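*Asks:* One predicted model, sequence on top.
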Amino acid sequence: VDYKDEVVDVLNRTRIMATNDEQKVKLEFFDSKFTSLLPMQIQWSVRKGQSEIDFWYHDVVLVNAMYMAVLLVWKEKVVYNRARPTTVIHALLGDELVETYAGPFEGVQTIRADEWQSYIRTMPHPEYPSGSACICTAHKEAMQFISGSDEIGFDLGFPIAAGASISEPGVTPNADITLLFGRWSDVERECGQSRLHGGMHFGDSVPASHELCTGFVSPILENAELLLQGNSSGALAPFGNDRDEIYVSPLLPEPRSQQMMGDASSNWYPNWEESGSTDCLNDGNAPYYIRVSGTYFENSLDACCQRFFGWASAACTAAGRATITGYYPNWGGGTENKCLSTDDATAGPIPNYLHSYLEEDVGTCCQNRYNWAYDECISLSGGG
């Protein structure tokens, strides 16, 4: 990811937000989905005069769609593992002076880039794609199915009193504001955009989530209908499911990143067990959740570093190369039937495509890679 243009966009968006009370109000309103999106279903149901059973039937659909969205987007976040704007801006610009949002009650000022923060707290998990935008798309589709249209039929209204802001209490907004929504797609758009206005995401994260999380509500509706009819086959999880087992809902679509994931038989994986680490390991001791998933392995050190620690790939690669020990075949341009040692400085770094051919000793390397010329390999490799 080329962050140079991205950080400029984030600083510009938050500069505009700093003097826009409506954007600030929507930022805080949509930050909690339980006090923004779910009350919309309640308000719509009450105004439509729905029965209690219809309300709870629709609630099952909506809540499960939103939870499924979280599961789906979380798989993507783990795969891409991109840094948040705060981290990138601080790292790239450092003490450079920028004109942007300067913090609560401070408006727009010229500040050091490494002092910049988003308008509301940035969540401590990967930036891409946006979890909030994914939930907003699931909410839109569920409510479109439930109501039968993108048109709500009336304005859903949410009054916000002057000075009710959490981030800038007593000041923002400077006058009463009522948020009005006439289409479910309006809710989706405003919800997603609020994450950009506040500086919690880069520009491509929100549209990527809208695309990712479109189209998986229909089977949830079908299962909810079965439950409404008293048919337990509509259960969203098996009864008596062992808590120690990993259950993957059949309603959850395959993540789009599945196509780019590494082969489970590969051996490089991200070192997420050590707090703050940006290293990839190939020690054969991957944690259980990485082994059972099989989706976090890569064929080479460089691929692992780029995929999971793109913002610190150089440091990751350097640290990883220091852990590589053993013997590998002389396939990097040489013509001799021999194995090279990772300790041999004259051989240079092991090529990425040869990582999976690394052996613990020269004998095993010669046997597995040059069995037709084993004795020659042993001799040329300097030992046996």
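*Replies:* The structure has been received and is ready for your questions. Numbering: from 1, shown residues only.
*Asks:* what about the strands in the stretch 201-350 of the chain?
*Replies:* In chain order, the stretch 201-350 of the chain shows strands spanning 269-270, 280-281, 327-329, 339-341, with DSSP state E, counting those that start in this stretch as the criterion.
*Asks:* Using a markdown table, lay out the ones you listed together with mean neighbour count.
*Replies:* Yep, even glycine has a C-beta here, placed from its N, CA and C like the rest. Formatted as a markdown table, the entries for the strands of the stretch 201-350 of the chain read as follows, by neighbours: other Cβ atoms under 10 Å:
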| stretch | mean neighbour count |
| --- | --- |
| strand 269-270 | 23 |
| strand 280-281 | 24 |
| strand 327-329 | 23 |
| strand 339-341 | 24 |
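*Asks:* With mean pLDDT added, can I get the ones you listed in CSV?
*Replies:* Output for those, formatted as CSV (pLDDT from 0 to 100):
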stretch, mean pLDDT
strand 269-270, 86
strand 280-281, 86
strand 327-329, 87
strand 339-341, 88
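*Asks:* To residue 24, which of those lies closest?
*Replies:* Between residue 24 and the strands of the stretch 201-350 of the chain, the shortest separation by Cβ to Cβ is 36.1 Å, and it involves strand 269-270.
*Asks:* what helices or strands is that closest one leaning on?
*Replies:* If you count contacts as 3 or more Cβ pairs under 8 Å, 6 or more residues apart in numbering; DSSP states H and E, strand 269-270 packs onto strand 280-281, helix 301-308.
*Asks:* sec struct for residue 44, please.
*Replies:* Reduced to three states with DSSP: H, G, I helix; E, B strand; the rest coil, the structure at residue 44 is helix.
*Asks:* Tell me which of the helices and strands packed on strand 269-270 sits most buried.
*Replies:* For the helices and strands packed on strand 269-270, ranked by mean neighbour count under the definition mean count of other Cβ atoms under 10 Å, the leader is strand 280-281 at a mean of 24.
*Asks:* Could I get the pLDDT score of the closest residue to residue 280 other than its chain neighbours?
*Replies:* Counting by Cβ to Cβ, 6 or more residues apart in numbering, residue 304 is the residue found nearest to residue 280 once chain neighbours are left out, at 3.8 Å. For residue 304, the model assigns a pLDDT of 85.
*Asks:* Looks like residue 304 contacts residue 271 (just checking).
*Replies:* No - contact status for residue 304 versus residue 271: not in contact, 9.6 Å apart, counting by Cβ atoms under 8 Å.
*Asks:* for the stretch 201-350 of the chain, what spans make up the helices?
*Replies:* 205-212, 218-228, 288-293, 301-308, 313-321 (DSSP state H, counting those that start in this stretch).
*Asks:* coming back round to it: what about the helices and strands packed on strand 269-270, which gets the closest to residue 159?
*Replies:* In terms of Cβ to Cβ, the element of the helices and strands packed on strand 269-270 nearest to residue 159 is helix 301-308, at 44.6 Å.
*Asks:* Could you tell me the angle between that closest one and helix 313-321?
*Replies:* Orientation of helix 301-308 against helix 313-321 (axes from the mean of the first three to the mean of the last three Cα atoms, to 10 degrees) gives an angle of 140 degrees.
*Asks:* How far does helix 301-308 sit from its chain's centre?
*Replies:* Per Cα atoms, centre = their mean, to the nearest Å, the displacement of helix 301-308 from the mean C-alpha position of its chain is 16 Å.
*Asks:* Now the common contact residues for residue 304 and residue 271.
*Replies:* residue 280 (Cβ atoms under 8 Å, 6 or more residues apart in numbering).
*Asks:* Relative to residue 358, which of the strands of the stretch 201-350 of the chain is closest?
*Replies:* If you check each of those against residue 358 by Cβ to Cβ, strand 327-329 wins as the nearest, at 5.1 Å.
*Asks:* neighbouring contacts of that closest one?
*Replies:* 339-342, 350, 354-355, 357-362, 364-365, 369-370, 381.
*Asks:* just to revisit the earlier point, okay, the residue nearest to residue 280 and residue 54: tell me how far apart.
*Replies:* When distance is defined by Cβ to Cβ, to the nearest Å, residue 304 is 50 Å away from residue 54.
*Asks:* now do residue 359
*Replies:* Distance check for residue 359 against residue 54: by Cβ to Cβ, it reads 66 Å.
*Asks:* correct me, but residue 212 touches residue 71?
*Replies:* No - at 11.9 Å, residue 212 does not count as touching residue 71 under the criterion of Cβ under 8 Å.
*Asks:* out of the two, which sits in the more crowded spot?
*Replies:* Remark: of residue 212 and residue 71, residue 212 carries more neighbours, 23 against 14, as counted by other Cβ atoms under 10 Å.
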